[in-house]
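Chemist: Need coordinates for the below:
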Amino acid sequence: MGAWPARFDHASTTPISQSYVCLSAIMDNAPFPIFLKDRQGRYQLVNRRFEEWYFASPRSIVGLRDEDIMSKEAAKRATQTDRTVLTKGVPVQFERSLQGTNHATKDVLVTKFPIEGD
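Modeler: Next up, the predicted model:
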């Protein structure tokens, strides 16, 4: 996600572009990591907080999988919860201790849910 203009002309934008601008603002300013994966477990979208947590310097992780950015054990747990969400088709919420690349550990509440579509 990039920096977005603080103001935009509502009259000259479509509802889709207005929604995109609003979603981008939420993603860029959320105080917690947000991500979207495809059904094969590849990251399709992450916000700045996610990049800050997993990388000392921001870099794109689009196309990477959990095992590319997490410890083997953490990646296995993440993949298992992804499968549960996809199999059951319902949201799953749980607490987890996560360790970032700076070796700091944080206790976080994780919510995963399926998004219908492709």
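Chemist: ok, I26 - contacts?
Modeler: For I26, the contact set (C-beta atoms under 8 Å, 6 or more residues apart in numbering) is empty. Using the backbone N, CA and C atoms, a C-beta is placed for each residue, glycine as well.
Chemist: now stretch 39-53: mean pLDDT?
Modeler: For stretch 39-53, mean pLDDT is 87.
Chemist: residues near Q99, how many?
Modeler: 14 (other C-beta atoms under 10 Å).
Chemist: heads up, I number from 31, so please use that
Modeler: Sure, I'll start numbering at 31, so the last one becomes Q129.
Chemist: Show me the beta-bridge partners of it.
Modeler: Beta-bridge pairing for Q129 (DSSP bridges): T135.
Chemist: List the buried residues in the longest helix along the chain.
Modeler: In the chain, with assignment by DSSP state H, the single longest helix is helix 102-118. For helix 102-118, the buried set under the neighbour-count rule, 16 or more other C-beta atoms under 10 Å, comprises 104-105, 108, 112, 115.
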